[in-house]
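K.L.:
need a 3D model of the sequence below.
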Amino acid sequence: MRLLTTSASLETTFERLIDRHKKLSFAVAWASHNFPGHDRLLKHKRKIQQGIVGIHFYQTHPSFIEHFLSDDRVKFFKDSSELFHPKFYLFETSAADWSCIIGSANFTAAAFSTNVEACLLFDASDDPSGATKKGLDKALARYWKSAESFEPDELEQYRSLWKLFHQRRKGMAGDFGDKSGGRPPLRTPLLKTPWHAYYQRVLADEHHGIDKRIAVLEEARRLFETKGSLSHMSKAERQGIAGFAPDGAIPWGWFGSMFGAGVFKNLVNANSPDLSHALDAIPMRGEVRRDDYLQFIDAYLGAYPGNRRHGLATATRLLAMKRPDYFVCLDSENRDGLCKAFGIKLGHHDYQRYWDSVIERILISEWWMSPRPAVARARAIWDGRAAFLDSLYYTPKPRTR
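P.N.:
Predicted coordinates for the structure are as follows:
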């Protein structure tokens, strides 16, 4: 009997035992792929006797499921009414020659490389009466009876949900793709702020711009819903969306005034197809995915061939006008406050990190995930709740907005 307390000892022991024994059965809560243990499993795939894998919280990687899609020796625990959480690996050659690893380690790349795990290795010599082995066999039979195979169409549905939950889990764990760190979620008050408190902070805007902000977002929504694309709007309407139209019935300067962005203004006035195509990548309703955002950035940058006069301010102004529930315009008047709130730093051209460091944090905020209010005024702010971060961190420069 031996205790395995490092990922290296776990991986080495797993590989040694699967090489030596004739059969393998396993039951784990989650499984992933693309790590040495997984490669060794595929090499000895013929040795699998029974494998039962949980998929709760969509944590099992879809590629693992795909590897065993047509293999009736591996099944999956789909019942969401209870959490399937065992973790053991049973290696067998005969009734008198078997070994088992049991403990905290799932069959994942993290468990076999970076996690802090603790497992116990024991074999037939530690079980002279055979009672423990009999218990393992009974557990496997019970799990197997409740497990099911995956159908191809189910896998595609699962893959979509896995992508969504995978990104959210990264945020919950404080992994935002932000290599320079950033304040962990539990130490970021803004993420823990409930909706009612966030709403009251917005209403307490010392610049008294709430009604003007609501008017801007409602008109922007009307324009996108009636015109569809930026290129279908009039020059004056495009200028409004872009944040440099003169104030009139709609005070377009709120949520980021772009009067000083000369190249951007020229592109908007000339009805740049790239800017319009960029915004077309962002859906008007429903989930906005990271891939949607990256498509937007590719098209947006295409409008500036050979010119560096682009930046997050103008890009995020457009995004905040189309989807104010997801995006905040990050400009010189709110950047310092917002970055300080999240404990991050962003450069003028840090497009990917804007999503990874800002948007991913927003999407796990308590106020962002709250249900839509019933009261009209609160509902209007909730519909633009990400963009309204500007009202919390807006510090005007010494010039007329």
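
K.L.:
break this protein into its domains for me.
P.N.:
The record's domain parsing of the chain by automatic domain parsing lists 2-156, 174-393.

K.L.:
out of those domains, which comes closest to Trp162?
P.N.:
Trp162 lies closest to domain 2-156 among these, at 4.6 Å (CB to CB). (Each C-beta comes from the backbone N, C-alpha and C, glycine too.)

K.L.:
what about Glu225, how many residues nearby?
P.N.:
10 (other CB atoms under 10 Å).

K.L.:
likewise for Lys23?
P.N.:
Lys23 has 17 neighbours, counted by other CB under 10 Å.

K.L.:
hang on, the earlier thing: rank the domains of the chain by pLDDT, which is bottom?
P.N.:
When the domains of the chain are compared by mean pLDDT, domain 174-393 comes last with a mean of 91.

K.L.:
what does the helix or strand containing Asp137 contact?
P.N.:
Asp137 is part of helix 131-146 when elements are defined by DSSP states H and E. With CB atoms under 8 Å, 6 or more residues apart in numbering as the contact definition, helix 131-146 has outside contacts at 25, 27, 50, 52, 75, 77, 79, 84, 86, 88, 90, 98, 100, 122, 124, 126-127.

K.L.:
and those residues, which of them are in strands?
P.N.:
Counting by DSSP state E, the part of those found in strands is Ser25, Ala27, Gln50, Ile52, Lys75, Phe77, Phe88, Leu90, Trp98, Cys100, Phe122.

K.L.:
ok, and the most crowded of those residues?
P.N.:
Busiest of these [other CB under 10 Å] is Ala27, holding 26 neighbours.

K.L.:
thinking again about what came up before, make TSV out of the domains of the chain and add distance to His166.
P.N.:
Output for the domains of the chain, formatted as TSV (distance: least, CB to CB, whole Å):
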stretch	distance to His166
domain 2-156	7
domain 174-393	11
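
K.L.:
can you give me the distance of Val216 to Arg73?
P.N.:
Relative to Arg73, Val216 is positioned 60 Å away (CB to CB, to the nearest Å).

K.L.:
same deal with Val358?
P.N.:
According to CB to CB, Val358 stands 45 Å off from Arg73.

K.L.:
which one's more surrounded, the two?
P.N.:
Taking neighbours as other CB under 10 Å, Val358 and Arg73 compare with Val358 leading, 26 against 15.

K.L.:
for the stretch 201-350 of the chain, which segments count as helices?
P.N.:
210-227, 235-242, 262-269, 273-280, 290-302, 312-322, 335-342 (DSSP state H, counting those that start in this stretch).

K.L.:
most tightly packed of the ones you listed?
P.N.:
Of all those, helix 312-322 has the most neighbours on average by mean count of other CB atoms under 10 Å, namely a mean of 25.

K.L.:
next, the angle from that helix to helix 335-342.
P.N.:
Comparing the axes of helix 312-322 and helix 335-342 via axes from the mean of the first three to the mean of the last three CA atoms, to 10 degrees yields an angle of 70 degrees.

K.L.:
show me what helix 312-322 is packed against.
P.N.:
Here helix 312-322 touches helix 210-227, helix 235-242, helix 273-280, helix 290-302, going by 3 or more CB pairs under 8 Å, 6 or more residues apart in numbering; DSSP states H and E.

K.L.:
okay, these in TSV with distance to His21 next?
P.N.:
What follows is those, written out as TSV (distance: least, CB to CB, whole Å):
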stretch	distance to His21
helix 210-227	62
helix 235-242	65
helix 273-280	56
helix 290-302	42
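
K.L.:
what about these, which gets the closest to Pro371?
P.N.:
Nearest to Pro371 among the helices and strands packed on helix 312-322 is helix 210-227 (19.4 Å), distances taken as CB to CB.

K.L.:
please save the CA atoms from that closest one in PDB.
P.N.:
Taking Å, rounded to 0.1, in the frame of the first residue of the first chain, the C-alpha atoms of helix 210-227 are listed here in PDB:
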ATOM      1  CA  ILE A 210     -28.800  58.600 -16.200                       C
ATOM      2  CA  ASP A 211     -31.800  59.800 -18.300                       C
ATOM      3  CA  LYS A 212     -29.400  60.900 -21.100                       C
ATOM      4  CA  ARG A 213     -27.600  57.600 -21.000                       C
ATOM      5  CA  ILE A 214     -30.900  55.600 -21.200                       C
ATOM      6  CA  ALA A 215     -31.900  57.800 -24.200                       C
ATOM      7  CA  VAL A 216     -28.700  57.000 -26.000                       C
ATOM      8  CA  LEU A 217     -29.000  53.200 -25.500                       C
ATOM      9  CA  GLU A 218     -32.700  53.200 -26.400                       C
ATOM     10  CA  GLU A 219     -32.000  55.100 -29.700                       C
ATOM     11  CA  ALA A 220     -29.000  52.900 -30.500                       C
ATOM     12  CA  ARG A 221     -31.100  49.800 -30.000                       C
ATOM     13  CA  ARG A 222     -33.900  51.300 -32.200                       C
ATOM     14  CA  LEU A 223     -31.400  52.000 -35.000                       C
ATOM     15  CA  PHE A 224     -29.900  48.500 -35.000                       C
ATOM     16  CA  GLU A 225     -33.300  46.900 -34.800                       C
ATOM     17  CA  THR A 226     -34.700  48.900 -37.700                       C
ATOM     18  CA  LYS A 227     -31.700  49.400 -39.900                       C
END
